[in-house]
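Chemist: Here is my input; please provide its structure:
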Amino acid sequence: MDKYRVTLTAEERTNLEQLVSRGKAAARKLTHARILLLADDSRADAHADAEIVAALSSSPRTIARVRRQLVTEGLDVALGRRPQPPRPEKIKIKGDIEQRLVELACSGPPQGRCHWTLRLLADELVALGLVNRVGIETVRLALKKTTSSRGSSSAGASRRTRTPSSSGAWRM
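Modeler: From the prediction side, this is the model:
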């Protein structure tokens, strides 16, 4: 692995020292600032990566990454957070699709089956062209968040039961 040389200007060093001395920033940002200050080759007291690891309880990979980011992309990137990659929507079944799923689950099962399974419901949503693909866990979560419960007049997964108290009287 190539070792990138950290050479800070006087202004950058002063800014980093002020940032660390104030201590009013994210822990990650403060750790990266300390790494850069200890790794600065422009000063006589530059430390080796092993010494920085021991001093800051950080990994060698983090130190190498911070060095590389400073040299290749600049100080702001080395201190700041990388933007997170875009994530797919957490709720995949909503609106009309959710309504259709509940209708399917409440309807009679397919021929040759005694009841709907999550796998059957997922496959049926794909067969109807409502979604491209869907997992059984997504179907389960969509059905769980609805207040429908077959065979029960109350909403939710289970009924409240009476429990005896230690005094012998009944309470809810």
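Chemist: From now on I want contacts and neighbour counts done on CA atoms only, so please keep to that.
Modeler: Will do.
Chemist: if I pick L30, what's in contact with it?
Modeler: 19-20, 23 (CA atoms under 8 Å, 6 or more residues apart in numbering).
Chemist: This protein: helices as residue ranges?
Modeler: 10-22, 27-39, 49-56, 60-73, 75-79, 96-106, 118-127, 136-145 (DSSP state H).
Chemist: now for the third one, which elements pack on it?
Modeler: What it means is helix 49-56. helix 27-39, helix 60-73 (3 or more CA pairs under 8 Å, 6 or more residues apart in numbering; DSSP states H and E).
Chemist: what's the neighbour count on P85?
Modeler: 6 (other CA atoms under 10 Å).
Chemist: Mean neighbour count, the helices of the chain: which tops it?
Modeler: helix 27-39 (a mean of 20; mean count of other CA atoms under 10 Å).
Chemist: And the average pLDDT for that helix is what?
Modeler: Mean pLDDT, computed over helix 27-39, is 93.
Chemist: Which residues are in contact with the closest residue to L104 other than its chain neighbours?
Modeler: In this structure, L104 finds its nearest non-sequential neighbour in L121, 7.3 Å apart by CA to CA, 6 or more residues apart in numbering. L121 makes contacts with 101, 104-105, 139, as judged by CA under 8 Å, 6+ apart.
Chemist: nearest to L56, of the residues you listed?
Modeler: Nearest to L56, judged by CA to CA, of the contacts of L121 is V139 at 46.0 Å.
Chemist: Surely that closest one and A122 touch.
Modeler: Yes: assessed by CA atoms under 8 Å, V139 is found in contact with A122 at 6.5 Å.
Chemist: wouldn't V126 be in contact with V139 here?
Modeler: No: with contacts counted by CA under 8 Å, V126 stays clear of V139, the gap being 11.6 Å.
Chemist: thinking again about what came up before, the helices and strands packed on helix 49-56: which one's closest to K94?
Modeler: Of these, nearest to K94 by CA to CA is helix 27-39, at 37.1 Å.
Chemist: As CSV, the helices and strands packed on helix 49-56 with distance to E11 would be great.
Modeler: Formatted as CSV, the helices and strands packed on helix 49-56 follow (distance: least, CA to CA, whole Å):
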stretch, distance to E11
helix 27-39, 12
helix 60-73, 15
